[in-house]
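# A structural model of the following input is requested.
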Amino acid sequence: MTGEMRPKLRHVQVSRGQQYGQHVLILSDPCGLSDCAMVLPASLAPVLELCDGTRNIAALRTGLELKTGLRVGPDYLERMFAALDRALLIDNEHYAQAYQEALQKFRTAPSRPPTMADRVYPADSELLEQVLCDYFDSLPPDTENMAKTGEVRGLVSPHIDYQRGGIVYAGVWHRAAKAAQDADVAIILGTNHFNGQKLVTLTRQSYTTPWGVLTTAGEVVDAVASAIGEKEVFAEEFNHRNEHSVEAAAVWLHYLAKDKGCELVPVLCGSFQRFIEGDRNPGDDGEVARFIEALRKATANRRTLIVAAGDLAHVGPAFGDRCPIDVLEKARLSSADNELMSAMARGDAEGMFQQVKKEADRRRICGLSAIYLALRLLGKVSGDITGYAQCPADEQGTSFVSICGIVLA
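Here you go, the predicted model:
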């Protein structure tokens with residue numbers, strides 16, 4: 001990479017740390033194309049913000065000096081960007097070629113291997129079965145006596161790690177067990193955490209769990225692709241490789257339905273920020289309507305379970321808030337979440353969205369798009385809230401992720 005290049009930084013994961021007593025930035029690839037992480041002095045943050053592809057390296061040096069007064073040597077930034085290029089963190093031809101090769105490898109593999117095995121749950125099927133049984137056994141004794149909603153057609157399940165959310169997972173999947181066992185096909189809508197710009201992202205690849213392969217229903221995927229456009233729905237397909245949201249729910253589904261042979265429709269759902277910031281609502285969006293119609297038609301003659309794999313609020317310093325979450329704020333968070341869950345249990349997709357839009361998504365409801373689309377697919381429903389938790393997100397106990405379980409009939 002020469003000084004005439006105009007580097008454009010990819011969407012990367014940036015975390016802060018310390019090395020040798022100095023503040024540093026740690027840059028890594030969230031979608032896992034590269035397993036290399038770059039450690040840079042925190043003082044270089046302004047130059048990274050300027051890497052939008054419009055400035056050459058000389059202009060970046062000047063911009064850094066004007067913003068911070070920091071002067072670097074003539075070849076310092078060239079060496080830095082060469083290292084970022086080798087780590088595939090620069091959006092250029094080198095990255096594009098590596099991406100296409102990895103995508104082709106993903107598409108032609110026998111199936112998508114689990115990415116959470118031996119990190120979130122045991123890779124050994126017998127050990128995993130015991131872990132899930134333990135979660136079910138930990139449910140309150142009166143779980144069986146909870147109000148019944150009728151035949152379960154859908155559910156909201158977390159996608160947080162099992163260690164923090166296991167009881168909430170168990171509560172909702174316990175109530176949905178018969179529906180999972182009876183289903184011919186399960187549509188799992190999960191959050192696309194990788195800066196997903198597309199409304200929905202599909203794959204024809206099947207998902208593997210420790211119990212074997214959950215076969216993807218290719219004819220359903222084809223129907224949606226035909227309605228929305230192949231290019232549109234597969235543009236971000238590579239995100240399926242490392243995205244955990246669908247997998248987090250698929251493991252519970254497979255545990256309950258492994259003797260049945262239920263097929264899967266894995267869907268990653270992109271950000272609704274365009275609707276939160278703009279004048280249009282998702283209820284008026286043509287692509288949303290085509291997606292809903294295509295899925296309904298493609299599964300009309302099959303027993304279908306619809307799963308929204310989505311968490312709720314992400315609040316506190318761990319997520320960029322300036323103030324820690326204290327006891328009073330936790331109570332406010334719980335109250336706001338209860339309003340949101342009440343709308344979900346009523347099947348009120350538009351009402352849920354309007355609540356989030358009214359507060360400009362201040363609480364970062366990361367399951368918004370997945371839950372909204374699930375509710376739209378289900379139509380008229382009534383539901384029961386089976387569990388709720390505020391899970392710690394930092395060692396100080398000042399940041400939290402809230403999660404819930406809801407069954408919908």
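# wait, isn't R61 in contact with L70?
No: under the criterion of Cβ atoms under 8 Å, R61 is not in contact with L70, lying 9.6 Å apart. From N, CA and C alone the C-beta is placed, and that goes for glycine too.
# these two: which has the busier surroundings?
Taking other Cβ atoms under 10 Å, R61 and L70 do not tie; R61 has more neighbours (21 against 14).
# wait, is the more buried one part of a helix?
Yes: assessed by DSSP: H, G, I helix; E, B strand; the rest coil, R61 belongs to a helix.
# just list the residues touching it, thanks.
By Cβ atoms under 8 Å, 6 or more residues apart in numbering, the contact set of R61 is V47, V72, P74, L77.
# what about the strands in the stretch 251-400 of the chain?
Along the stretch 251-400 of the chain, counting by DSSP state E, counting those that start in this stretch, strands occupy 263-269, 304-309, 314-315, 383-392, 400-408.
# just the buried ones among the contacts of R61, please.
By neighbour count, with 16 or more other Cβ atoms under 10 Å, the contacts of R61 hold V47, V72, L77 as buried.
# got JSON lines for the residues you listed, with pLDDT too?
Output for these, formatted as JSON lines (pLDDT from 0 to 100):
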{"residue": "V47", "pLDDT": "93"}
{"residue": "V72", "pLDDT": "91"}
{"residue": "L77", "pLDDT": "93"}
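# now, among the residues you listed, which is nearest to Y207?
Nearest to Y207 among the buried ones among the contacts of R61 is V47, at 40.2 Å by Cβ to Cβ.
# need the nearest residue in space to that closest one, chain neighbours excluded.
Distances taken as Cβ to Cβ, 6 or more residues apart in numbering place L64 nearest to V47, at 4.5 Å, with adjacent residues excluded.
# farthest pair in the contacts of R61?
V47 and P74 (14.4 Å).
# so how far is Q181 from Q390?
Separation of Q390 from Q181 (Cβ to Cβ, to the nearest Å): 31 Å.
# for this protein, which helix is longest?
Identified as the longest helix of the chain according to DSSP state H is helix 327-345.
# buried set for it?
Applying 16+ other Cβ under 10 Å to helix 327-345 flags E329, L333, A336, D337, L340, M341, S342, A343, M344, A345 as buried.
# if we can go back for a sec, I'd like the strands of the stretch 251-400 of the chain as a markdown table, with mean pLDDT and mean neighbour count appended.
Compiled in a markdown table, these are given as follows (pLDDT from 0 to 100; neighbours: other Cβ atoms under 10 Å):
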| stretch | mean pLDDT | mean neighbour count |
| --- | --- | --- |
| strand 263-269 | 98 | 27 |
| strand 304-309 | 98 | 28 |
| strand 314-315 | 98 | 22 |
| strand 383-392 | 97 | 19 |
| strand 400-408 | 98 | 26 |
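# where does pLDDT dip in the stretch 51-200 of the chain?
143-149 (pLDDT under 70).
# now the angle from the longest helix of the chain to strand 400-408?
Going by axes from the mean of the first three to the mean of the last three Cα atoms, to 10 degrees, helix 327-345 is angled at 20 degrees with respect to strand 400-408.
# what sits up against helix 327-345?
Contacts to helix 327-345, defined as Cβ under 8 Å, 6+ apart, come from residues 156, 312-313, 315, 323, 325, 351-352, 355-356, 359, 363, 365, 371, 375, 382-385, 388, 390, 400, 402, 404, 406, 408.
# one step back: and of the buried ones among the contacts of R61, the nearest to F275?
Nearest member of these to F275, counting by Cβ to Cβ, is V47, at 33.1 Å.
# spit out the contact partners of the closest one.
Neighbour list for V47: L60, R61, G63, L64, L77 [criterion: Cβ under 8 Å, 6+ apart].
# between those, which is nearest H23?
Of all the contacts of V47, H23 sits closest to L64, with 16.3 Å by Cβ to Cβ.
# what number of residues lie near that closest one?
Per other Cβ under 10 Å, the neighbour tally for L64 reads 23.
# can you classify it by secondary structure?
Counting by three-state DSSP, the backbone at L64 sits in helix.
# look up how far T203 lies from the closest residue to A360 other than its chain neighbours.
Nearest in space to A360, with sequence neighbours left out and distances taken as Cβ to Cβ, 6+ apart, is I276 at 6.4 Å. To T203, I276 is 27 Å away according to Cβ to Cβ.
# can you pull the contacts of I167?
Contact analysis of I167 by Cβ under 8 Å, 6+ apart lists Y135, S138, L139, G387, A389.
# V39 should be in a strand, yeah?
Yes: under three-state DSSP, V39 sits within a strand.
# wait, isn't it in contact with Y20?
No: applying Cβ under 8 Å, one finds V39 not in contact with Y20, separated by 10.3 Å.
# before we move on, the earlier item: and the residue nearest to A360, what is it in contact with?
V356, K357, A360, D361.
# cool, R55 as well?
By Cβ under 8 Å, 6+ apart, the residues touching R55 are R6, G63.
# does it count as helix, strand or coil?
Going by three-state DSSP: R55 is coil.
# for A59, give its distance to A217.
Taking Cβ to Cβ as the measure, A59 falls 51 Å from A217.
# who has more neighbours, these two?
A217 (24 against 13).
# need the contact list for that one.
V185, E263, L264, V265.
# looking at those, which one is closest to Q163?
The closest of the contacts of A217, once distances to Q163 are taken by Cβ to Cβ, is L264, at 24.5 Å.
# for that closest one, list each beta-bridge partner.
Beta-bridge partners of L264, counted by DSSP bridges, are A186, T216.
# I figured it hits T209, correct?
No: with contact defined as Cβ under 8 Å, L264 does not count as touching T209 (10.2 Å).
# who touches both of these two?
In contact with both L264 and T209: A250, using Cβ under 8 Å, 6+ apart.
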